[in-house]
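Enquirer: The following block contains a protein sequence and its predicted model.
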Amino acid sequence: MAPSVTSDGGVEISMMRPDNVHQITSRLFQDPSGHELPERYHWPDYDRVDLWAPAEDGQESVPVIDLTGLASGDPEVIDRLTREVGQATEEWGFFQVVNHGVPDEVCAAMRKAGMSFLDKPVELKERATDPVGNYYGYGGRYERLKSRVPWMEFLAANRTPACEADRIRLTIWPDGDPVGNAFRDSVMEYSSCLQTLSMQILQLLARNLGLPEDYYVKFFQDSTKFDSSWRFNRYPPCPPQAVTFGIGPHSDPSVLVMLQQDEVGGLQVLKGDTWHSVNPIPGAIIVNVGDSLEAWTNGRYESAVHQVLLTEKKKWRLSVIYALNPPSNILVSAPEELVDDKHPRKFRDFAWPDYIHNMRSNRHRIRDKVALDFVTIGAKNRWEE
Ligand SMILES: O=C(O)CCC(=O)C(=O)O
Ligand SMILES: [Fe+2]
């Protein structure tokens with residue numbers, strides 16, 4: 001806060017708007033000797049944050065599953081994939097899929113769409129900032145946060161119930177601009193492919209639990225009732241000595257999250273007490289369980305804590321996310337089939353809008369799995385810790 005003297009001689013306290021991560025990065029590159037990051041990027045509870053390194057050959061890492069044949073419906077293939085996807089989800093809450101049926105061109109066009117936006121000047125990008133909460137639209141300042149600010153800029157919007165790609169197009173490009181049209185079309189096509197893939201995976205996950213295969217997907221028949229979103233995250237290069245994260249340790253609130261990352265790397269998943277790097281595989285899509293699926297399966301699938309570390313490569317990293325959230329008009333409630341004496345009900349029923357509202361209205365940064373406490377029966381609230 002910077003005090004300034006007003007015209008009548010009084011002192012006014014004004015909030016300085018924090019800098020955008022994109023602007024900070026440009027300054028760091030112009031003057032590499034001035035390597036100090038603004039205080040807000042520091043993580044007070046960490047003396048150091050390691051740089052990301054890939055998992056070495058032979059080191060344990062998230063399973064890679066080949067989905068060839070999934071769309072064929074061949075019962076043998078489906079049985080095998082049910083076991084593989086089920087086991088990976090139970091053990092890790094995270095896995096990578098290859099031959100997933102989303103064409104490479106569609107994935108590449110989506111990355112290009114993200115870059116066509118993120119490469120614009122900050123002033124232009126900020127026309128797409130959502131002033132309320134800044135969870136959707138463009139963000140790179142995190143005005144809400146006083147410390148532990150992610151070293152990352154993003155563009156995010158809903159895909160359902162209404163696709164907001166067109167609104168964002170018109171904040172940046174003149175109507176009819178071919179790059180703007182390509183942005184909208186790529187986002188819509190990619191999101192629709194990822195929605196299909198997420199339904200196929202939800203079917204395997206239901207079968208693996210002995211539930212009817214359409215147990216979860218039947219809730220997603222009407223796209224006006226559920227919430228799904230897309231998001232581009234871009235992580236600037238960062239001075240290696242910086243004690244900061246791309247994104248700190250957290251779980252995602254969604255049902256499923258699907259992510260493609262570029263070749264730079266940075267993502268890590270926590271299993272037990274160990275962080276495992278998720279190596280980039282060209283063309284692969286990373287799938288992870290969110291808190292809502294943990295609750296919806298009575299804890300049979302657990303959301304995985306993950307983080308993004310920075311790398312010493314002088315490269316910007318791009319990741320592209322599709323998130324599937326529960327329908328807003330139902331109560332998320334684990335089916336009776338997953339509740340018995342040995343597995344008592346762990347979560348109270350909840351509606352997605354309440355879950356996300358609780359998570360976002362909290363003044364503390366989301367960390368680990370604390371958001372899930374809101375619906376965990378008997379949990380004490382750890383937000384304040
Ligand atoms: O960029 C990544 O690899 C992960 C991003 C992430 O965890 C998130 O946006 O929730
Ligand atoms: Fe995440």
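Expert: That came in fine, so what should we check first? Keep in mind the model is a prediction, meaning the values are calculated, not measured. Ligands and ions are numbered 1, 2, ... in the order given.
Enquirer: From here on, just use CA atoms for contacts and neighbour counts.
Expert: Fine.
Enquirer: Low-confidence bits of this structure, can you list those?
Expert: Applying pLDDT under 70 to the chain flags the ranges 1-15, 32-35, 133-134, 240, 362-366, 381-385.
Enquirer: can we see that at 80?
Expert: Scanning the chain for pLDDT under 80 picks out the ranges 1-16, 29, 31-36, 131-135, 239-241, 312-314, 361-367, 380-385.
Enquirer: Okay, buried residues for the longest helix along it please.
Expert: Among the segments of the chain that qualify as a helix by DSSP state H, the longest is helix 178-208. Neighbour-count burial for helix 178-208, with 16 or more other Cα atoms under 10 Å as criterion, is recorded at 179-195, 197-208.
Enquirer: other SSEs contacting that helix?
Expert: Under the contact criterion of 3 or more Cα pairs under 8 Å, 6 or more residues apart in numbering; DSSP states H and E, helix 178-208 touches helix 75-91, helix 104-118, helix 165-172, strand 256-261, strand 317-327.
Enquirer: and if we set it to 6 Å?
Expert: With contacts defined as 3 or more Cα pairs under 6 Å, 6 or more residues apart in numbering; DSSP states H and E, helix 178-208 has these neighbours: helix 75-91, helix 104-118, helix 165-172.
Enquirer: The second one packs against which elements?
Expert: With contacts defined as 3+ Cα pairs under 6 Å, 6+ apart, the packing partners of helix 104-118 are helix 178-208.
Enquirer: For the helix it packs on, what is the distance to the chain centroid?
Expert: In terms of Cα atoms, centre = their mean, to the nearest Å, the centre of helix 178-208 is set 15 Å apart from its chain centre.
Enquirer: now that helix and helix 75-91, what's the angle there?
Expert: Computed by axes from the mean of the first three to the mean of the last three Cα atoms, to 10 degrees, the angle separating helix 178-208 from helix 75-91 equals 90 degrees.
Enquirer: got the residues of the stretch 201-350 of the chain near ligand 1?
Expert: 233, 252, 267, 308, 319 (Cα under 6 Å from any ligand atom).
Enquirer: mind putting those in a markdown table, secondary structure and neighbour count included?
Expert: As requested, those are exported to a markdown table (DSSP: H, G, I helix; E, B strand; the rest coil; neighbours: other Cα atoms under 10 Å):
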| residue | secondary structure | neighbour count |
| --- | --- | --- |
| 233 | strand | 23 |
| 252 | coil | 23 |
| 267 | strand | 23 |
| 308 | strand | 24 |
| 319 | strand | 21 |
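Enquirer: any idea how far residue 168 is from residue 124?
Expert: 11 Å (Cα to Cα, to the nearest Å).
Enquirer: Might you report the residue contacts of residue 340?
Expert: Residue 340 makes no contacts at all, as judged by Cα atoms under 6 Å, 6 or more residues apart in numbering.
Enquirer: One more: residue 115?
Expert: By Cα under 6 Å, 6+ apart, residue 115 lies in contact with nothing.
Enquirer: does the residue in the stretch 101-250 of the chain that ligand 1 sits nearest to have beta-bridge partners, and which?
Expert: When scored by Cα to the nearest ligand atom, the stretch 101-250 of the chain has residue 233 as its residue closest to ligand 1, at 5.8 Å. With DSSP bridges as the criterion, residue 233 is bridged to residue 154, residue 319.
Enquirer: mind listing what it touches?
Expert: Residues 153, 154, 318, 319 are the ones in contact with residue 233 under the rule Cα under 6 Å, 6+ apart.
Enquirer: go again using 10 Å as the cut-off
Expert: 114, 118, 138-140, 152-156, 246-247, 261, 317-321 (Cα atoms under 10 Å, 6 or more residues apart in numbering).
Enquirer: And residue 312, by the same measure?
Expert: Residue 312 is in contact with 51, 52, 53, 237, 238, 239, 240, 241, 264, counting by Cα under 10 Å, 6+ apart.
Enquirer: for residue 189, same thing?
Expert: Taking Cα under 10 Å, 6+ apart as the test, what residue 189 contacts is 102, 106, 107, 109, 110, 195.
Enquirer: list the contacts for residue 224?
Expert: 160, 161, 162, 327, 328.
Enquirer: Please repeat the previous calculation with a cut-off of 7 Å.
Expert: Residues in contact with residue 224, defined by Cα atoms under 7 Å, 6 or more residues apart in numbering, are 160, 161.
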